[in-house]
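S.K.: Starting from these lines, generate the structure:
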Amino acid sequence: MPHKYRVAVEEIGDVAVTKEPLVFEVTNHDDLLHILKLVQEKRVVPPEEAAELTIGFKLFAEVLLRHRAKPPFADFFPHVKEFMQQLKRYEPR
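M.R.: Just a heads-up that it's a prediction; the model follows:
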């Protein structure tokens, strides 16, 4: 069952310049919040980077999956698939 999300990106660095946030909706075959919890538990990256890695990677991987047979995605897909498998097997030391 697909999961639907609303993603918002808002620049917060320069308060003098007000820019409209980028907001878009996506569908993903995975429960991103559950995967984020798993990445946090495994301590794959420092806690402050867990959401950045998980959400960024899963959004990218979903697009890659849809276009995996087309250039330039076809050559890249096996490497991403291997990284995903290694990430799933990762055990903290």
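S.K.: For stretch 85-93, give me every contacting residue.
M.R.: 39, 42-44 (C-beta atoms under 8 Å, 6 or more residues apart in numbering). C-beta coordinates here come from the backbone N, C-alpha and C atoms, glycine included.
S.K.: Quote the end-to-end distance of it.
M.R.: 18 Å (C-alpha to C-alpha, to the nearest Å).
S.K.: pLDDT on it, on average?
M.R.: Per-residue pLDDT values over stretch 85-93 give a mean of 86.
S.K.: Now Ala8: closest residue in space, sequence neighbours ignored.
M.R.: Closest residue to Ala8 apart from its sequence neighbours, by C-beta to C-beta, 6 or more residues apart in numbering: Val23 at 4.7 Å.
S.K.: Check that neighbour and give its pLDDT.
M.R.: For Val23, the model assigns a pLDDT of 97.
S.K.: Can you verify it is assigned to a strand?
M.R.: Yes - Val23 forms part of a strand when assessed by DSSP: H, G, I helix; E, B strand; the rest coil.
S.K.: Which parts of the chain are strands?
M.R.: 3-9, 22-28 (DSSP state E).
S.K.: Low-confidence regions, this structure specifically.
M.R.: Counting by pLDDT under 70, the low-confidence segments of the chain come to 14-16.
S.K.: ok, which stretches of it are helices?
M.R.: 32-42, 50-66, 73-89 (DSSP state H).
S.K.: and of those helices, who's closest to Gly13?
M.R.: Gly13 sits nearest to helix 50-66 of all the helices of the chain, at 15.6 Å, using C-beta to C-beta.
S.K.: coming back round to it: give the burial count for the residue nearest to Ala8, as a bare number.
M.R.: Residues contacting Val23 under the criterion other C-beta atoms under 10 Å number 10.
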